[in-house]
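A.B. asks: predicted model follows, preceded by the sequence.
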Amino acid sequence: LLGLALVFFGEDYNRNRLEDVVLKMLSWVTLLLAVLSLLLIPLGIINTGRINTNTTNQINTQAQQELSLLQQIEEQVQTGTPEQLQTLALELNRLGLPVDGENTEQLKADILTNIPTAKERVQVQSQQQIQNQRQNLLKNSVKWNLGALVASVLFFMIWRGTGWAR
């Protein structure tokens, strides 16, 4: 934009024939760039929606996998042996759920009380992640679409102001 403005700033003062042809062509190129910049806005809006849908689906899939894992652990606790319970306790500690039981029944009860809170935490985290992603995407979309609108208007103003070159 700045380069085009500076090229046209001198108007037709002391220009030769070849420069006049190039200026005429550049004037029409600015109109083309204005239209292309304006057409980027709907494309940006559509892509924002597509990216939002894809990212939301990805986050929901990840949350469902974690909930499924917790459900499997809960089922294994119901039917597991003491050795399996110790393994599950280590798995839950790795997932961030502190489980500390001395005997089998206490360990089983501790695991079963921590699983619902873990499920709730997974759901809350996924919703928070979706909200943060949507907010960042919206900010970036507005920034890029507003930039395309401003560029389009400025290209059109340059084209309109270079009527002397056409």
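C.D. replies: On my side now, so go ahead. All values derive from a computational prediction rather than experimental measurement. Residues are numbered from 1 along each chain as shown.
A.B. asks: helix, strand or coil: sort out Pro98 for me.
C.D. replies: What DSSP: H, G, I helix; E, B strand; the rest coil gives for Pro98 is coil.
A.B. asks: three-state assignment of the residue nearest to it when sequence neighbours are not counted?
C.D. replies: Using CB to CB, 6 or more residues apart in numbering and skipping residues adjacent in sequence, the residue nearest Pro98 is Asn114, 7.6 Å away. For the C-beta atoms, the positions are set from N, CA and C on the backbone; glycine is no exception. Classification of Asn114 by three-state DSSP places it in helix.
A.B. asks: give me the number of residues near Asn114?
C.D. replies: 20 (other CB atoms under 10 Å).
A.B. asks: where's Gly49 relative to Asn132, distance?
C.D. replies: 17 Å (CB to CB, to the nearest Å).
A.B. asks: who's in contact with the helix or strand bottoming out on mean pLDDT in the chain?
C.D. replies: Sorting the helices and strands of the chain by mean pLDDT, DSSP states H and E puts helix 82-94 at the bottom, at a mean of 76. Here helix 82-94 makes contact (CB atoms under 8 Å, 6 or more residues apart in numbering) with 73, 76-77, 80, 99-101, 104, 107-108, 110-111, 114, 118.
A.B. asks: cheers, nothing more for now.
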